[in-house]
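> no sequence on hand, only this structure:
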């Protein structure tokens, strides 16, 4: 009996590692004195947001992806501001400087956060909504719920159509208890190493890699990623896109030619769901398109969005 005791203690210690580490992390509130924007107390928690671009003009609301916080929009926001747009960026729950509530992170959960923020900011006119990666599914869900409030939906390397499978992520999502261990130890370590490999490289947004790495020190970040993977990233946009098409909201899909996260076949599938979608491809870009090819993305949007400003 005693011979099994030490291995059991070691096994229990290994199993508890990610949860003990999570308990030692500090909440996003601890770091808010360095936040560049403002804070709104919404229905599920405090949300960090920031206004960029022009002082007056039509509003563009930007919804970031799974693990890239709101600074991922800074380069594109500068271009949009030059076109005369006011740009609202914010951190999704569990990211950046926003709270990390324990609610299941479905597209409906995040659409409610967006709705709350627009109400808080007293935005009554219709807006252009841009979603990147996971943010594309959130933006599409919000648009399908509120087609009268969205002037145009723009999807950049959007999830909710096709995603390349990752066996470790799939295991983390499928297994109730062991899955959290796999996600917080194996998946998180792999993703941090991938980010660290890009430190020091020139990007359109200075400090974007550091901003992503900093999130791993924030309490609630890793559980939020896992919840999003199990919920919103398991959803497709099919129903939302069919409803958006029937409502007549214009949709633009922008894809990265060399994206290893969102395959380019998403373009064809999105067209099947919504025949009126305008599709564009950024050559030689991967999933980091917003901070490697922001000028190209802006050039694609310039003519379309200038029409909105002139109306």
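Received it, and whenever you're ready, just let me know what you need. Being a predicted model, the structure only gives us computed values, none of them experimental. Numbers count the residues shown, from 1 in each chain.

> quick one, what contacts residue 251?
152, 153, 154, 155, 241, 244, 245, 274, 276, 277, 278 (C-beta atoms under 8 Å, 6 or more residues apart in numbering). Backbone N, C-alpha and C define where each C-beta goes, glycine included.

> quick one: it and residue 158, what's the gap?
For residue 251, the distance to residue 158 equals 10 Å [C-beta to C-beta, to the nearest Å].

> try residue 184
From residue 184 across to residue 158, the span is 26 Å (C-beta to C-beta).

> what's the span of stretch 63-83, first residue to last?
End-to-end distance of stretch 63-83 (C-alpha to C-alpha, to the nearest Å): 19 Å.

> how about that stretch: buried residues?
Neighbour-count burial for stretch 63-83 flags 63-81, 83 (criterion: 16 or more other C-beta atoms under 10 Å).

> and stretch 266-275, by the same measure?
By 16+ other C-beta under 10 Å, the buried positions in stretch 266-275 come out as 266, 267, 269, 270, 273, 274.

> one more: stretch 216-223?
Going by 16+ other C-beta under 10 Å, stretch 216-223 has these buried residues: 216, 218, 219, 220, 221, 222, 223.

> residue 42 touches residue 114, doesn't it?
No. Using C-beta atoms under 8 Å, residue 42 is not in contact with residue 114; the gap is 9.6 Å.

> these two: who's more crowded?
residue 114 (26 against 22; other C-beta atoms under 10 Å).

> state the distance from the closest residue to the more buried one other than its chain neighbours to residue 113.
Nearest non-adjacent residue to residue 114, counting by C-beta to C-beta, 6 or more residues apart in numbering: residue 142, 5.2 Å away. According to C-beta to C-beta, residue 142 and residue 113 sit 9 Å apart.

> which residues touch residue 99?
27, 28, 29, 44, 45, 46, 47, 93, 220.

> near the third one, how many other residues are there?
Burial of residue 29 is recorded as 14 neighbouring residues (other C-beta under 10 Å).

> tell me where the stretch 1-150 of the chain has helices.
2-24, 74-82, 107-120, 134-145 (DSSP state H, counting those that start in this stretch).

> let me see the mean pLDDT of the longest one.
Averaging pLDDT along helix 2-24 gives 53.

> buried subset of the contacts of residue 99?
28, 44, 45, 46, 47, 93, 220.

> reformat these as JSON lines; add distance to residue 304 and pLDDT.
Formatted as JSON lines, those follow (distance: C-beta to C-beta, whole Å; pLDDT from 0 to 100):
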{"residue": "28", "distance to residue 304": "35", "pLDDT": "80"}
{"residue": "44", "distance to residue 304": "33", "pLDDT": "97"}
{"residue": "45", "distance to residue 304": "34", "pLDDT": "97"}
{"residue": "46", "distance to residue 304": "34", "pLDDT": "97"}
{"residue": "47", "distance to residue 304": "28", "pLDDT": "98"}
{"residue": "93", "distance to residue 304": "30", "pLDDT": "98"}
{"residue": "220", "distance to residue 304": "37", "pLDDT": "94"}
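
> out of the contacts of residue 99, which sit inside strands?
Mapping those onto strands (DSSP state E) picks out 45, 46, 47.

> is the last one in a bridge, and if so with what?
In this entry, residue 47 is beta-bridged to residue 40, by DSSP bridges.

> that one and residue 81, how far apart?
Residue 47 is 22 Å from residue 81, by C-beta to C-beta.

> let me have the buried residues of stretch 266-275 in TSV, extended by pLDDT and secondary structure.
TSV is the format used below for these (pLDDT from 0 to 100; DSSP: H, G, I helix; E, B strand; the rest coil):
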residue	pLDDT	secondary structure
266	97	helix
267	96	helix
269	97	helix
270	98	helix
273	98	helix
274	97	coil
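
> wait, which of the residues you listed is closest to residue 133?
Among the buried residues of stretch 266-275, residue 266 lies closest to residue 133 (C-beta to C-beta), at 11.3 Å.

> does that closest one really touch residue 164, like I thought?
No. Counting by C-beta under 8 Å, residue 266 stays clear of residue 164, with 10.5 Å between them.

> give me the residues contacting stretch 192-203.
Against stretch 192-203 from outside (C-beta under 8 Å, 6+ apart): 209, 210, 212, 213, 216, 288, 291, 292.

> residues touching the last one, list them.
It stands for residue 292. Shown in contact with residue 292 (C-beta under 8 Å, 6+ apart): 203, 204, 285, 286.

> low-confidence ranges in the chain?
1-23, 307-311 (pLDDT under 70).

> geometric centre of it: which residue is closest?
Geometric centre of the chain, nearest residue: residue 65, 1.5 Å, by C-alpha atoms, centre = their mean.

> between the two ends of stretch 201-210, how far is it?
By C-alpha to C-alpha, the extent of stretch 201-210 from end to end equals 11 Å.
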